[in-house]
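In: Sequence below, structure please.
(one chain, ligands or ions: 1)
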Amino acid sequence: MPTNARPTRCVVCTMPLPARHGRGRPRQYCGPACKRLGERFRRREKSILDFEAKALKADQRLSGEYLARTATTWLAAATARRRQLKALRAQAVRR
Ligand SMILES: [Zn+2]
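Out: A predicted model of the protein is given here:
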């Protein structure tokens with residue numbers, strides 16, 4: 001997300017955000033519950049990127065069948081996490 005964007009809706013549950021008073025970072029969450037969830041999502045997203053980075057690194061270092069197995073394992077882990085993340089987001093929006 002670009003840093004100069006000013007979200008008008010909660011990035012987790014998509015409820016409109018209450019108006020912000022004063023200066024400071026624009027808020028992204030409607031409340032503490034969504035903030036906690038949003039931080040969880042961010043950690044998960046980071047771990048997905050880590051898995052994909054590992055798959056890429058394995059790609060550069062290794063060769064042959066071992067490479068294929070390793071990269072496939074990391075990519076599968078990343079895909080599984082992505083699915084979990086999507087399900088979590090869907091739950092948050094339904095709340
Ligand atoms: Zn929210």
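
In: any idea how far the residue nearest the centre of the chain lies from residue 85?
Out: Closest to where the C-alpha atoms of the chain average out (CA atoms, centre = their mean) is residue 45, at 2.9 Å. Separation of residue 45 from residue 85 (CB to CB, to the nearest Å): 7 Å. (C-beta placed from N, C-alpha, C; glycine too.)

In: Ok, residue 78 next?
Out: From residue 78 to residue 85 the distance is 10 Å (CB to CB).

In: now do residue 47
Out: Taken as CB to CB, the span from residue 47 to residue 85 is 10 Å.

In: still on that earlier bit, buried sites along the one helix or strand the residue nearest to the centre of the chain maps to?
Out: Taking DSSP states H and E as the criterion, residue 45 maps to helix 32-61. In terms of neighbour count (16 or more other CB atoms under 10 Å), helix 32-61 has its buried residues at 34, 35, 37, 38, 41, 48, 51, 52, 54, 55, 58.

In: which sections of this protein are below the confidence cut-off?
Out: The chain contains residues with pLDDT under 70 at 1-7, 20-21, 59-69, 93-95.

In: interface residues of it facing the ion?
Out: 10, 12, 13, 30, 34 (CB under 5 Å from the ion).

In: Adding secondary structure, write these out as JSON lines.
Out: Converted to JSON lines, the residues of the chain next to the ion look like this (DSSP: H, G, I helix; E, B strand; the rest coil):
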{"residue": "10", "secondary structure": "coil"}
{"residue": "12", "secondary structure": "coil"}
{"residue": "13", "secondary structure": "coil"}
{"residue": "30", "secondary structure": "coil"}
{"residue": "34", "secondary structure": "helix"}
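
In: looking at the residues you listed, which has the most residues close by?
Out: Most neighbours among these, by other CB atoms under 10 Å: residue 12, with 24 neighbours.

In: Wait, that one touches residue 31, no?
Out: No. The pair residue 12 and residue 31 fails to qualify as a contact (CB atoms under 8 Å) at a distance of 9.6 Å.
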